[in-house]
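Sequence plus predicted model, see below.
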Amino acid sequence: MLRELNIERRSFPLRAPFRISRGVKYAAEVVTVELHQSGKSGRGESVPYGRYGESVASVMNEMEVLRPQLAAGTGRDALQAQLPPGAARNALDAALWDLESQLSGVPVWAQLARSQPAPLVTALTISMDTPVRMGEAASRLTGAELIKIKVDADDPAARIEAVRRAAPLARLIVDPNESWNIEILRGMDPILTRLRVDLLEQPLPADADDALLGFSSSIPICADEACHVTSDLPRLRGRYQAVNIKLDKTGGLTEAWRLLRAARADGFEIMVGCMVCSSLGIAPAWEVARHAAFVDLDGPCWLENDYPGGVRLDGGLLRPPPPGFWGG
């Protein structure tokens with residue numbers, strides 16, 4: 001069994017700047033892989049993230065080291081031991097799932113004993129800006145059922161209030177991306193309740209979340225940067241009530257599926273998120289997202305041009321790619 005591995009860097013310009021507390025992004029810089037075997041091809045994509053010490057070059061180098069093993073037929077289970085969680089393993093794991101489905105003729109959703117993918121309500125993200133501009137952005141999200149608001153430590157209440165006025169019926173997720181401290185969180189707690197926020201995502205730095213022990217939040221707090229893989233769950237108890245599963249953190253669908261089952265068994269609410277990426281990065285996440293209380297897979301909606309036949313946004317409803325795009 002011989003395989004050919006292709007690794008490529010791709011840049012997808014964004015239709016508007018994407019601002020969060022730690023910076024601004026103008027393009028989605030991704031790494032795509034293709035595995036070819038017996039006339040079939042499997043594809044995968046990942047987004048290297050500087051917050052986790054990754055770059056496009058480092059991720060591509062990690063993949064190159066495994067080229068001989070992948071060519072010789074290494075599978076998903078072996079991959080879990082050969083690469084750490086992160087973007088490199090995610091793209092390769094996705095390509096292996098896709099290739100397996102092509103070779104077997106069995107779609108990924110059927111391998112997981114699930115039904116064919118159906119549309120999902122996704123959060124639509126409002127990039128950080130002035131309160132006025134964020135309110136204007138929210139007013140343009142016609143039909144949005146779930147909105148995610150990016151904030152930092154600079155007057156987050158004004159930004160959230162502007163969005164709530166513009167979208168009085170939508171469910172809200174607030175994401176400070178680790179920019180708050182416990183004092184800000186305590187002060188914001190009654191405001192978040194008053195503004196009917198449904199979920200607060202990673203308010204404190206992951207390495208400073210001991211401050212959450214003993215804090216009684218009025219709304220669920222979700223671990224994002226603090227939760228990567230299944231083994232993280234024990235230390236999250238008593239700090240968080242939900243976890244955000246992202247395939248670029250887990251290192252692919254294989255570990256994400258394990259994390260999903262373990263987190264549900266531990267009583268955590270489930271959010272499934274993404275980096276700013278193309279539909280190729282979203283398709284594998286669909287299998288986990290269908291089990292989530294909060295879905296945040298609007299990454300491709302920020303791109304000027306996505307893959308043909310990718311996901312499609314219909315109001316606040318995200319429609320999956322057609323059969324054959326990824327995973328059978």
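Thanks, I have it.

got the residue ranges for the strands in the stretch 101-250 of the chain?
Here the stretch 101-250 of the chain has its strands, by DSSP state E, counting those that start in this stretch, at 120-121, 124-126, 146-150, 171-175, 197-201, 221-223, 242-245.

if we compare those strands, which one ends up closest to residue 277?
strand 124-126 (12.8 Å; C-beta to C-beta). No exception for glycine: its C-beta is placed from N, CA and C like everyone else's.

which residues touch that closest one?
Strand 124-126 has contacts (C-beta atoms under 8 Å, 6 or more residues apart in numbering) with 18, 134, 137-138, 141, 144, 146-150, 163, 296, 298, 301-302, 313, 316.

re earlier: any chance of JSON lines for the strands of the stretch 101-250 of the chain, columns mean neighbour count, mean pLDDT and distance to residue 50?
Below are those laid out as JSON lines (neighbours: other C-beta atoms under 10 Å; pLDDT from 0 to 100; distance: least, C-beta to C-beta, whole Å):
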{"stretch": "strand 120-121", "mean neighbour count": "16", "mean pLDDT": "97", "distance to residue 50": "28"}
{"stretch": "strand 124-126", "mean neighbour count": "25", "mean pLDDT": "97", "distance to residue 50": "19"}
{"stretch": "strand 146-150", "mean neighbour count": "24", "mean pLDDT": "98", "distance to residue 50": "17"}
{"stretch": "strand 171-175", "mean neighbour count": "23", "mean pLDDT": "98", "distance to residue 50": "17"}
{"stretch": "strand 197-201", "mean neighbour count": "23", "mean pLDDT": "98", "distance to residue 50": "19"}
{"stretch": "strand 221-223", "mean neighbour count": "25", "mean pLDDT": "98", "distance to residue 50": "20"}
{"stretch": "strand 242-245", "mean neighbour count": "26", "mean pLDDT": "98", "distance to residue 50": "18"}
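
Residue 285: which of these is closest?
For residue 285, the closest of the strands of the stretch 101-250 of the chain is strand 242-245, at 8.1 Å, according to C-beta to C-beta.

I appreciate the help and will end here.
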